[in-house]
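Participant: Just the structure for this:
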Amino acid sequence: MKVDSKFANTIAKGDFIVTAEILPGAGGDGLAAEAALKALGKGPVAINVADNCHNIGMSSIAASVAVLKSGAEPVCQIVTRDRNRIALQSDLLGAAYLGIKNVLCLSGYHQTLSTCPESANVYDIDSTQFIEMATNMSEKGVFADGAKIEGQFSMLIGAVANPFLKPVELNMLRTQKKVEAGAKFIQTSAVFDIETFGQWLNTAISDGITAKAAILAGVLPLDSAAEAERLRNTYTDYSIPDSVIERLKKAGNEAAQKKEGLAICVETIGKLKKMKGLRGIHIHCGCKGKVSPEVVAAALS
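Facilitator: Below you'll find the predicted structure:
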């Protein structure tokens, strides 16, 4: 079934795409999400709503409704870490009922990287299987067990990719499987190593991936050299060259490093936008909750 979302229509038209991410916040009033949305303005075509990626926060589905109420279009992130296939399918149906038309299917960070490391994980299926299941729900109208969905259900389905995993052949195979499973857009982890990302993107072009799915390069403004080192040492999806960390250190004090991190991000966006085969920019917020207006302006310019 055709997905009638602004994001899906923008992909179909071939326009350059800008998406951004917010953290729902650790409260039940939605004020954190509202503040993040206000900072973003009306520029991005869609707003990703994180699903407990680091800390406990409001349900990504509920926060996606807050995005809808603000007049923007959400991309609801759903991780398989916390749900079996029953819950995943049920949440997709609920999201569709609430007016959510875009979903990003992820496995999620392992719980040991969260504020609740003692939590039990689920991982009943992986992200690729989740994409295939959601695609069958949307395009064939059937659940994982083959039972027919009552009424209409449609959803634009996306995936993530880490362009910096080696070897590139195995990395690309994983991305190809996600696209074959039904992903219509790919949002990458934050890019700091332009050369390596360019090699990955060129391989995606030659493998025909860019002809089947819109690739959006992730960007993230770093606040300090200390933050860069922490991210690089903790998470596999942050590949931050020594040259970037040294540049942040040379900038000076905390305020100067934050300003330099913003400048690096804006420069990165400018370089990315010149790359053949790239369909857009996805602005990560990291653990900050809000995205800098300067970054949004650079992506939209």
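Participant: Work out the gap between stretch 4-21 and the centre of the chain.
Facilitator: Distance, stretch centre to chain centre, for stretch 4-21: 14 Å (CA atoms, centre = their mean, to the nearest Å).
Participant: What residues sit buried inside it?
Facilitator: S5, F7, A8, T10, I11, I17, V18, T19, A20, E21 (16 or more other CB atoms under 10 Å). C-beta: built from backbone N, CA, C; applies to glycine.
Participant: after the least confident helix or strand in the chain by mean pLDDT, next one along is what?
Facilitator: Counting by mean pLDDT, DSSP states H and E, the chain has its least confident helix or strand at helix 31-40, which shows a mean of 77. Proceeding N to C from helix 31-40, the next assigned helix or strand is strand 46-49, under DSSP states H and E.
Participant: what does that following strand contact?
Facilitator: Here strand 46-49 makes contact (CB atoms under 8 Å, 6 or more residues apart in numbering) with 5-7, 19-22, 24, 33, 37, 40, 60, 63-64, 67, 72-77, 102, 104, 187, 282.
Participant: could you redo the last one with a cut-off of 6 Å?
Facilitator: With contacts defined as CB atoms under 6 Å, 6 or more residues apart in numbering, strand 46-49 is touched by 7, 19-22, 60, 63-64, 67, 72-77, 102.
Participant: That strand: partners in the sheet, and parallel or antiparallel?
Facilitator: Strand 46-49 sits in its sheet next to strand 17-22 (parallel), strand 74-79 (parallel), going by DSSP bridges.
Participant: With distance to Y235 and mean pLDDT added, can I get the ones you listed in JSON lines?
Facilitator: What follows is those, written out as JSON lines (distance: least, CB to CB, whole Å; pLDDT from 0 to 100):
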{"stretch": "strand 17-22", "distance to Y235": "15", "mean pLDDT": "95"}
{"stretch": "strand 74-79", "distance to Y235": "15", "mean pLDDT": "97"}
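Participant: circling back to that earlier point, report the two of the contacts of strand 46-49 separated the most.
Facilitator: F7 and A63 (16.9 Å; CB to CB).
Participant: Show me the one of the strands paired with strand 46-49 that comes nearest I245.
Facilitator: Going by CB to CB, the one of the strands paired with strand 46-49 nearest I245 is strand 17-22, 22.9 Å.
Participant: could you dump that closest one to CSV, C-alpha only?
Facilitator: Output of strand 17-22 as CSV, limited to C-alpha atoms (Å, rounded to 0.1, in the frame of the first residue of the first chain):
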residue,chain,number,x,y,z
ILE,A,17,16.1,15.5,2.4
VAL,A,18,16.9,16.9,5.9
THR,A,19,15.7,15.0,9.0
ALA,A,20,16.6,15.6,12.6
GLU,A,21,16.4,13.7,15.9
ILE,A,22,15.0,14.5,19.3
